[in-house]
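1. predicted structure and sequence below. I'll ask about it afterward.
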Amino acid sequence: MAHETHEQVDAVTGVTTTGHTWDDIQELNNPLPRWWLWTFYLTIFWSVLYAIAYPAIPMVSTYTKGVLGWQSREAVEVDLAALKEQRSGMTAKLAASSLDEIKQDPEMFAFARAQGKASFGDNCAPCHGAGGAGAKGYPNLNDDDWLWGGSLAQIEHTIRYGARSTSDQGHSGTMPAFGRDGMLKREEISHVADYVRSLSGLPTDKTADLNAGAKVYADNCAACHGDKGQGMQELGAPNLSDKIWLFGADKATIMEGLHNGRGGVMPTWHGRLDDTTIKALTLYVHSLGGDQRP
Amino acid sequence: MPSYPSVINILVIATDSMADALLPHPLGAVASDVDAPLYAPRKQIYPQAVKGRYRTIKWVVLAITLGIYYFLPFIRWDRGPNAPDQAILVDLANGRFYFFFIEIWPQEVYYITGLLVLAALTLFLMNAVAGRVWCGYLCPQTVWTDLFYAVERWIEGDRRERMRKDQQKLTLKTASQKGLKHFIWLMIAWWTGGAWVLYFADAPTLVYELATLQASVVAYVWIGILTFTTYTLAGFMREQVCTYMCPWPRIQAALTDEYALNVTYRYDRGEPRGSVKKNEVLKLQGLPAGDCIDCNQCVNVCPTGVDIRKGLQLDCIQCGLCMDACDNVMVKIGRPQGLIAYDTDMNVQARMEGRPEVRRIVRPRTLFYAGLIAVVGAIMITSLAMRQNIYLSVMHDRNPLFVRLSDGAIRNGFTVRVANKHLDERRYALTVRGLTDAKVDVVGGEVDQQGRAIVTVGPDQTLEARVLVTDTASVASSSTDLEFILTDLSNGDKAATSDHFKAP
């Protein structure tokens, strides 16, 4: 059935109207270019191709995989492989150089520090903190006080084999539980705690018997911590005469340590991290503070 | 009229507007109110060749702009060792932009922003003075389309010939002409892309690599993309780009005012139209008769296919070719030129009403734009002239903010970045001010005889260093202002930045 054509023209603009009228307002018809329509169809066609080629439609427990087999996880793996390939030159150089050589070479040192920082965040930060600030019982790596030594070689050994770890080559040596195991009486522990505080210039109770404490110290503690409380890195015995206290400097904390003993664990990373990563970690940790004293 | 089940009727009503838009009416029974198509096919435009003042200006502008585009990458500029010798180079791999004596680093991208601000203001100023000067003469779309039209005209002939050939059946001759035309278009498009990539690598080297098929895939991909866009936009889309795709005509219409000169048909002089003889007779009788003889030359030469006599319109790019066409006709029939000329609608109206014309190029709007251009330009030149060739930035460790050393002193860690924009290696001393007695250690760095920490930075490079500052006097309060000072040991230039020293 033929329908009438009644083209209307808007008087003001001279433009034809669509014939649609709402509240006496007429809709003008300024036709879009035809190619615009084809472009629109093209985008629809493209979206269909895309949905066929790539993962697109969610199903109940899976999704359409797409004929190209593309996966975001694989894409990440490809990127990571490319990154590793890009870094392979520096990584090989790092593997072939000694710690001192790396530190002397600004380019290698910067690379090692960056890699070490990333690895530190992945492996070390849970105990030592994101910036290596440590916590009670977990050493601060930014200061100049090192239980097992702060030189490059000493830090590397500690990272590789740990302390009181499962590795045979790890550091050993613990603070005995003098009170719990009945080696010292409670008042002896109190005396020696006062004496230890006095070694680093901390104030002591007026009632403290420092002479008694000194005797207890000489008999029980000096073997590991030294006659002046200077500590011994071979045994991981802390310096008791400096301003840094791993667990705290108050008398109660010191007495608690004397009673129950101490022995924080640093795990072994040998076999879990590759040699280059351990080297990079060593240089990063060393650059936080290391053996540099002002 | 056939009868339909009611369900279909409902469906038909529901989809009525959609069907109207896209399909002829298969179901005429439903009341239709749309008869005009909502999509219009493009009208092929066959602009006629024209000679004249504005055509000449356009040829000159075309030669200069394309000349700059194609040959600029080959200009050399000696910067000495450690820098490329290409006058204009975008070095993406190393993050450097070279422009003759200026070298810009990524963190100085605000100079590009400044350039864009200047470009926009210049566009506004051009618009305030003479409308769409940019569109008509300078826009790449206009320049390349003009070049493509020239090729088309050269091979297939002028307007009438091209129209005739398109209406007739394709013969071997016209087919081969079209083939040749597309080949030359593609060559131009290829060179457009080819020149583009030369701005991103050493031009002579890249030309050699491209010629011997040794260049990187990226170069070929970019050439391919620009070949495609140039060929499509200048060969096929043409005026459709200006009418439908470009935002500037819309912005331009909102920015312009009644004083801006535009390519204007002088309605007051042209109307009523009539043949040469008829209007001369009318004039002798003292009856109204205009100078326009309705020869349609202005429409025939128009690259966007508009009739300028209908007044200002969005499709008109104001290329001025209708002025040339009309002037040529006016000379032939012995009437004064300038029936179509740079004028304003306001003046057309004024002349019709016998009022004096108003021409005001210098007015608050143009002065404002010119003033802004001067201010922005001055700021940019000043900051370029004053900018330093060394740069220092310092970031305080976040965790820990400070650390107590075994002797009780407080130490803060910082990440320091030193940028050396000189093209040779420099040594710098890093010192601090703000603490009574502070020691600065650069991890892995050296110390000079005066005990200052020294950093060495390679040519045109930056160096990130870990710096430890220790308050040896142990008097710092919880936060002390600290100034880092970097001194170039070769010439004493200094850069400084401030931070804080944290303590318990």
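-> Everything's here; your move.
2. can you show me the helices along the stretch 101-250 of chain A?
-> With helices called from DSSP state H, counting those that start in this stretch, the stretch 101-250 of chain A shows them at A:106-123, A:125-128, A:152-161, A:186-199, A:210-220, A:222-225.
3. around chain A, pick out the residues from the stretch 101-250 of chain B.
-> The stretch 101-250 of chain B comes close to chain A at residues B:240, B:244, as judged by C-beta under 8 Å from any C-beta of the partner chain. Quick note: C-beta positions are derived from backbone N, CA and C, even for glycine.
4. can you map out the helices along the stretch 101-250 of chain B?
-> Under DSSP H, counting those that start in this stretch, the stretch 101-250 of chain B gives helices at B:110-130, B:133, B:140-156, B:159-167, B:172-198, B:203-211, B:217-232, B:239-240, B:248-255.
5. point out where chain B drops to low pLDDT.
-> Applying pLDDT under 70 to chain B picks out residues B:1-36, B:474-476.
6. got CSV for the helices of the stretch 101-250 of chain B, with mean neighbour count too?
-> Shown next, in CSV, are those (neighbours: other C-beta atoms under 10 Å in any protein chain shown):
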stretch, mean neighbour count
helix B:110-130, 16
helix B:133, 19
helix B:140-156, 19
helix B:159-167, 14
helix B:172-198, 16
helix B:203-211, 15
helix B:217-232, 16
helix B:239-240, 20
helix B:248-255, 14
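7. so which of those helices gets nearest B:Tyr342?
-> Checking the helices of the stretch 101-250 of chain B against B:Tyr342 by C-beta to C-beta gives helix B:110-130 as the closest, at 6.2 Å.
8. which strand or helix spans the residue sitting furthest away from the middle of chain B?
-> When distances are taken from the C-alpha mean of chain B, B:Asp407 lies farthest, 63.1 Å away, according to C-alpha atoms, centre = their mean. Under DSSP states H and E, no helix or strand contains B:Asp407.
9. so it versus A:Ser241, what's the distance?
-> Taking C-beta to C-beta, to the nearest Å as the measure, B:Asp407 falls 10 Å from A:Ser241.
10. for B:Phe402, same thing?
-> Counting by C-beta to C-beta, the gap from B:Phe402 to A:Ser241 is 22 Å.
11. ok, the residue farthest from the centre of chain B touching A:Asp242?
-> Yes: using C-beta atoms under 8 Å, B:Asp407 is in contact with A:Asp242, at 6.9 Å.
12. quick one: contacts for the residue nearest the centre of chain A?
-> Centroid-nearest residue in chain A: A:Gly121, 1.3 Å away (criterion: C-alpha atoms, centre = their mean). Taking C-beta atoms under 8 Å, 6 or more residues apart in numbering or on different chains as the contact definition, A:Gly121 lies against A:Ala130.
13. now do it, the pLDDT please.
-> pLDDT recorded at A:Gly121 is 95.
14. show me the contacts for residue 139.
-> I went with chain A, as the question did not name one. Here A:Pro139 is in contact with A:128, A:145-147, A:246 (criterion: C-beta under 8 Å, 6+ apart).
15. actually it's chain B I care about, not the one you picked
-> When contacts are counted by C-beta under 8 Å, 6+ apart, B:Cys139 touches B:Ile317.
16. any chance you could read off phi and psi for it?
-> Dihedral angles of B:Cys139 (phi, psi; degrees, to the nearest 10) stand at phi -60, psi 130.
17. if I look at it, how far off is B:Ala465?
-> For B:Cys139, the distance to B:Ala465 - C-beta to C-beta - is 49 Å.
18. how about A:Tyr195?
-> Taking C-beta to C-beta, one finds A:Tyr195 at 43 Å from B:Ala465.
19. neighbour count winner among these two?
-> A:Tyr195 (25 against 22; other C-beta atoms under 10 Å in any protein chain shown).
20. that one contacts A:Asp205, correct?
-> No: in this structure, A:Tyr195 is not within contact of A:Asp205 by C-beta under 8 Å, at 11.5 Å.
21. what sits closest to B:Gly114 if chain neighbours are left out?
-> Nearest residue to B:Gly114, sequence neighbours excluded (C-beta to C-beta, 6 or more residues apart in numbering or on different chains): B:Met380, at 4.6 Å.
22. what angle separates whichever helix or strand that neighbour is part of from helix B:110-130?
-> Using DSSP H and E, B:Met380 falls within helix B:364-386. If you take axes from the mean of the first three to the mean of the last three C-alpha atoms, to 10 degrees, helix B:364-386 sits at 160 degrees to helix B:110-130.
23. what's in contact with helix B:364-386?
-> B:102, B:111, B:114-115, B:117-118, B:121-122, B:124-125, B:128-129, B:257, B:259.
24. for chain A, what are the nearby residues on the stretch 301-450 of chain B?
-> Contacts of the stretch 301-450 of chain B with chain A, taken as C-beta under 8 Å from any C-beta, map to B:397-400, B:403-409, B:411, B:413, B:439, B:441, B:443-444.
25. residue contacts, the closest residue to A:Asp205 other than its chain neighbours?
-> Among residues not flanking A:Asp205 along the chain, A:Asp194 sits closest, at 6.4 Å (C-beta to C-beta, 6+ apart). Counting by C-beta under 8 Å, 6+ apart, A:Asp194 touches A:204-205, A:208-210, A:213, A:251.
26. among those, who's most crowded?
-> Neighbour counts for those (other C-beta under 10 Å) peak at A:Gly213, which has 24 neighbours.
27. can you give me the pLDDT of that residue?
-> On pLDDT, A:Gly213 comes in at 93.
28. which one is it nearest to, not counting chain neighbours?
-> A:Tyr195 (2.9 Å).
29. wait, what's in contact with the one you found?
-> The contact partners of A:Tyr195, taken as C-beta under 8 Å, 6+ apart, are A:204, A:208, A:210, A:213-214, A:216-217.
30. how much space between it and A:Ala177?
-> Taking C-beta to C-beta as the criterion, A:Tyr195 is separated from A:Ala177 by 19 Å.
31. want to try TSV for the helices of the stretch 101-250 of chain B, with distance to B:Arg42 as columns?
-> Below are the helices of the stretch 101-250 of chain B laid out as TSV (distance: least, C-beta to C-beta, whole Å):
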stretch	distance to B:Arg42
helix B:110-130	27
helix B:133	26
helix B:140-156	14
helix B:159-167	13
helix B:172-198	18
helix B:203-211	35
helix B:217-232	13
helix B:239-240	6
helix B:248-255	17
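32. with respect to B:Cys298, which of the ones you listed lies nearest?
-> Among the helices of the stretch 101-250 of chain B, if distance is taken as C-beta to C-beta, the winner is helix B:159-167, at 13.2 Å.
33. which strands or helices does that closest one pack on?
-> Under the contact criterion of 3 or more C-beta pairs under 8 Å, 6 or more residues apart in numbering or on different chains; DSSP states H and E, helix B:159-167 touches helix B:140-156.
34. repeat that for 6 Å
-> Here helix B:159-167 touches no other helix or strand, going by 3 or more C-beta pairs under 6 Å, 6 or more residues apart in numbering or on different chains; DSSP states H and E.
35. domain map for chain B?
-> What automatic domain parsing lists as the domains of chain B is B:1-40, B:53-253, B:262-352, B:390-502.
36. tabulate those (a markdown table), appending distance to A:His225.
-> Converted to a markdown table, the domains of chain B look like this (distance: least, C-beta to C-beta, whole Å):
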| stretch | distance to A:His225 |
| --- | --- |
| domain B:1-40 | 89 |
| domain B:53-253 | 53 |
| domain B:262-352 | 90 |
| domain B:390-502 | 14 |
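37. minimum distance to A:His286: which of these has it?
-> Nearest to A:His286, of those and by C-beta to C-beta, is domain B:390-502 at 8.3 Å.
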